[in-house]
Each structure stands twice: as structure tokens, then as C-alpha cells.
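> I need the structure of the sequence given here:
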Amino acid sequence: MKAKTIVTVLKGSYYILKMSGSLLTAWLTLGWHVRRARKSFEKQLIKGGMAREDAEQISEVYSDLKDQMMGAVKGAISNARKPTKNGHFSLANVMSA
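As a prediction, the model looks like this:
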């Protein structure tokens, strides 16, 4: 019985670490691509004759959208971790989010 419990805990830990690694990779990749897209967009606007400050202000939309996406992901994760009224965690919390 103890061996099954240990194996179950190890498997669960493995999948949690695997998912955490994937989320971290996605977060880093998204940040990098948004940064590159923003800088490229700014360069194109400046090349077209717009002032640098105005181009930077317009390109902030990329960063704002990234922040909104990350907020939505964080909200979904935090809502999934909220216990129900009886104190237990439920898959229904995940499905309703």
C-alpha cells in the first residue's frame, strides 16, 4: 500500500513539474516575442516619420495585451485552486472558470 502511494505522489509531482516548466517556457517565449514585435512596430512607425515618443506610446498596446493575457491565465489558475464551501477542491471550479 505504501509503495502505491509513493508512486502516485511521484507521478503527480512529475506532471506538476512538467506543466510548470511548460508554463514558464510559454511565459518567457511570449514576453520575448512581444518585446520583439513592439520594437519592430516602433521602428516601422519611426521610419514612417512618427516621433519616437508617439511610436512608443502606440506600441504599449502590445505590452498591455500581453499583461491582459497573463492576467487571464493567472486568474484561471487561482480560481481553480479555490476550495468549495465544504473546504474541498473541486474540478467544477476549473470547468466554470
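> any stretches of the protein with poor pLDDT?
1, 80-97 (pLDDT under 70).
> now the helices for it?
2-47, 52-80, 91-96 (DSSP state H).
> save the ones you listed as a markdown table, and put in mean neighbour count too.
Every residue, glycine included, has its C-beta placed from N, CA and C. Below are the helices of the chain laid out as a markdown table (neighbours: other C-beta atoms under 10 Å):
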| stretch | mean neighbour count |
| --- | --- |
| helix 2-47 | 11 |
| helix 52-80 | 13 |
| helix 91-96 | 10 |
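> check contacts around the residue nearest the centre of the chain.
The residue lying closest to the centre of the chain (C-alpha atoms, centre = their mean) is residue 70, at 4.1 Å. By C-beta atoms under 8 Å, 6 or more residues apart in numbering, the contact set of residue 70 is 27, 30.
> one more time with 10 Å, if that's ok
Contact analysis of residue 70 by C-beta atoms under 10 Å, 6 or more residues apart in numbering lists 26-27, 30-31.
> I'd like these laid out as CSV, including distance to residue 39.
Compiled in CSV, the contacts of residue 70 are given as follows (distance: C-beta to C-beta, whole Å):
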residue, distance to residue 39
26, 21
27, 19
30, 15
31, 13
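> which pair of those residues spans the longest distance?
Spatially, the most separated pair among the contacts of residue 70 is 26 and 31, at 9.6 Å (C-beta to C-beta).
> show me which of the contacts of residue 70 is closest to residue 59.
Nearest member of the contacts of residue 70 to residue 59, counting by C-beta to C-beta, is residue 31, at 14.7 Å.
> which one is that closest one nearest to, not counting chain neighbours?
residue 66 (6.9 Å; C-beta to C-beta, 6 or more residues apart in numbering).
> look up phi and psi at residue 49.
Dihedral angles phi and psi of residue 49 (degrees, to the nearest 10) take the values phi 110, psi 10.
> and it, how many neighbours?
Residue 49 is flanked by 6 other residues according to other C-beta atoms under 10 Å.
> mind checking how far it is from residue 55?
Using C-beta to C-beta, to the nearest Å, residue 49 is found at 10 Å from residue 55.
> residue 48 touches residue 58, doesn't it?
No - using C-beta atoms under 10 Å, residue 48 is not in contact with residue 58; the gap is 11.4 Å.
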